[in-house]
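Participant: Pasting the sequence and the predicted model now:
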Amino acid sequence: MEMLQQRLDQAGTLRSMSDRFSGTAADASATLEADRQAARVLSVTSGKGGVGKTAVVSNVALALAQMDKKVLIIDADLGLANIDVVFGLTPQYNLNHFFNGDRSLLEIMVEGPGGIKILPAGSGMQTVTRLSSEQKMKFLDDLDSLHGDFEVVIIDTEAGISENVTYFNVAAQDILVVTTPEPTAITDAYALMKLLSVQYHEKRFNLIVNSVRDAGEALDVYRKLTMVSNRYLDISIDYLGCVPQDKRMREAVRRQRVMVDLFPRTKASAAFETIARNLITTPQNVGPKGSLQFFWRRLLSFGQGA
């Protein structure tokens, strides 16, 4: 009986989504035009923790903001939410308050340096995939009001290959995989791409290699991943750049400021700026995951069985 009710709830959610986004040919044309102006949705992910994923998110986001891009960060690390900590923010509310019905998305959104907007997660929050149909529809309603407000949306996922990680990566327009030269990090990055390729048919990935001695070491990591992927997987990996080791990263974390802000003239900060520039100059994924509205619809209906 419980399973039947769950299926009915899922079907109701999908019908509601279909009703909201269906329309005339003129409506479709207008939506297509809006999609051309829509935000680019990026998931930043890693096969294991400790590779500097959140540092990449925060620094690249600020670098983009300094290039006059309107940026939204969604903290999707629901177990260890820390984007707000990296920026030295103390949000009064988070996504827990939204899903409990206490606050709207606009009320929980906070502003970081450079005008970056952040949707903070609540540590220990339930998985998004287990939200009720009503909660998902409420999420969609509030997100509608944000349409057109941002040019880049960056999702800081959890590390690993949990259901939440695949959930956000499959919904995003572009997937950015962060790794380091450590053998375990490389192996886990490959495992994540393999899972997303084999089970969810993702074909395109972008690679960022963090904490390298030099560019040659980063390119060696890229070659290794490309070689094994070409042999066993039907995917393409684009190299976005690398970030050199810098002891001042720890100082930035301690002072709750990001490298691009605290130490703007370092090689690490220049590397984050290069990655940001590569992101906005690299052609976007022109597949069906090409708009912010599609991202929300795909995200909220992910895993809904027939």
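Facilitator: Ah, there it is. Numbers count the residues shown, from 1 in each chain.

Participant: What segments of this protein are strands?
Facilitator: Secondary structure of the chain (DSSP state E): strands located at 40-46, 71-76, 110-111, 117-119, 152-159, 174-179, 204-212, 236-244.

Participant: can you redo the ones you listed as TSV with distance to residue 250?
Facilitator: Heads up, the C-betas are built off the backbone N, CA and C, glycines and all. TSV is the format used below for these (distance: least, Cβ to Cβ, whole Å):
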stretch	distance to residue 250
strand 40-46	19
strand 71-76	21
strand 110-111	24
strand 117-119	22
strand 152-159	19
strand 174-179	18
strand 204-212	12
strand 236-244	14
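
Participant: Using JSON lines, please lay out those together with mean neighbour count and mean pLDDT.
Facilitator: As requested, these are arranged in JSON lines below (neighbours: other Cβ atoms under 10 Å; pLDDT from 0 to 100):
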{"stretch": "strand 40-46", "mean neighbour count": "26", "mean pLDDT": "92"}
{"stretch": "strand 71-76", "mean neighbour count": "25", "mean pLDDT": "91"}
{"stretch": "strand 110-111", "mean neighbour count": "15", "mean pLDDT": "95"}
{"stretch": "strand 117-119", "mean neighbour count": "23", "mean pLDDT": "93"}
{"stretch": "strand 152-159", "mean neighbour count": "25", "mean pLDDT": "90"}
{"stretch": "strand 174-179", "mean neighbour count": "25", "mean pLDDT": "97"}
{"stretch": "strand 204-212", "mean neighbour count": "23", "mean pLDDT": "97"}
{"stretch": "strand 236-244", "mean neighbour count": "20", "mean pLDDT": "97"}
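
Participant: For residue 101, find the nearest of those.
Facilitator: Smallest distance to residue 101 across the strands of the chain (Cβ to Cβ): 16.3 Å, for strand 117-119.

Participant: same for the closest one, what does it pack against?
Facilitator: strand 71-76, strand 110-111 (3 or more Cβ pairs under 8 Å, 6 or more residues apart in numbering; DSSP states H and E).

Participant: Ok, which of those strands comes nearest residue 239?
Facilitator: Smallest distance to residue 239 across these (Cβ to Cβ): 22.6 Å, for strand 71-76.

Participant: Just the angle for that closest one relative to strand 152-159, thanks.
Facilitator: Regarding strand 71-76 and strand 152-159, their directions subtend 20 degrees when assessed with axes from the mean of the first three to the mean of the last three Cα atoms, to 10 degrees.
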